[in-house]
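Participant: generate coordinates for the sequence data below:
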Amino acid sequence: MKKLLAILALASFVLVSCGNSPYSVKKAYSYSVYPGMEEWDKMTEEEKKESCKVPEELMVKMTTPALVETIMNYPLLGRVGVLVGSQGLEENMEKKYNVAFQEFSSEFAGVKLLKERDDGISALDSYVESKKKILTGEQKNLARLIRNYITITKDLDPALPDAYMSPTE
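Facilitator: Down below sits the predicted model:
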């Protein structure tokens, strides 16, 4: 009887724990405009930034895969590469990435939130692996930059899975 009660208590705990996940949003954010759209081309830079805003309160509730997809679909994601490149040839890569991503995070908190997740790297790796045939070289580069930022600033193994490599690499 005690064994049965212990099993029931454990099962109840598991069910309650699963139901209380802070990550209740399972779908990526859907942006209303993208580069290449006529409406996008008519917007100022400020209007583009405004149209791409994703409420941080929403991103906090996203599952990690949904957050990764929201980041990778972010219409202004290319700014990450520009910001990292604008830091010059710093010997201190952590400083270079921190400066660039802090500036980027002031506009879009997605990468900052991904860095805080224990499963952030694995979710990014899974996303790149599942999309490797359709991601452009630029998209893979941006995913690499995000991954590098997280691994460098969290002192993790920076080894890249093959999915990040373009066919020509």
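
Participant: contacts for the helix or strand harbouring residue 46?
Facilitator: Element membership for residue 46 (DSSP states H and E) is helix 45-51. Helix 45-51 has contacts (CB atoms under 8 Å, 6 or more residues apart in numbering) with 31-33, 40, 43, 75-76, 107. (C-beta placed from N, C-alpha, C; glycine too.)

Participant: selecting buried members of those in ChimeraX, what would you type?
Facilitator: The buried residues among these can be selected in ChimeraX (16 or more other CB atoms under 10 Å) with this line:
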select :31,33,40,75,76
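
Participant: so of the contacts of helix 45-51, which ones are in helices?
Facilitator: Using DSSP state H, the members of the contacts of helix 45-51 that fall in helices are residue 40.

Participant: which parts of the protein are helices?
Facilitator: Under the criterion DSSP H, helices of the chain are mapped to 2-19, 38-41, 45-51, 56-61, 64-72, 78-85, 93-105, 110-116, 120-131, 137-153.

Participant: save the contacts of helix 45-51 as TSV, and put in pLDDT too.
Facilitator: As requested, the contacts of helix 45-51 are arranged in TSV below (pLDDT from 0 to 100):
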residue	pLDDT
31	95
32	93
33	94
40	95
43	96
75	94
76	92
107	87
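
Participant: with the contacts of helix 45-51 in mind, which one is nearest to residue 69?
Facilitator: Distance to residue 69 across the contacts of helix 45-51 (CB to CB) is lowest for residue 31, with 11.2 Å.

Participant: how about the closest residue in space to that closest one that isn't next to it in sequence, phi and psi?
Facilitator: Distances taken as CB to CB, 6 or more residues apart in numbering place residue 75 nearest to residue 31, at 5.6 Å, with adjacent residues excluded. Main-chain dihedrals, residue 75, degrees, to the nearest 10: phi -60, psi -20.

Participant: isn't residue 75 right up against residue 34?
Facilitator: Yes: contact between residue 75 and residue 34 holds when scored by CB atoms under 8 Å: they sit 5.1 Å apart.

Participant: what do those two both touch?
Facilitator: Contacts common to residue 75 and residue 34, judged by CB under 8 Å, 6+ apart, are residue 40.
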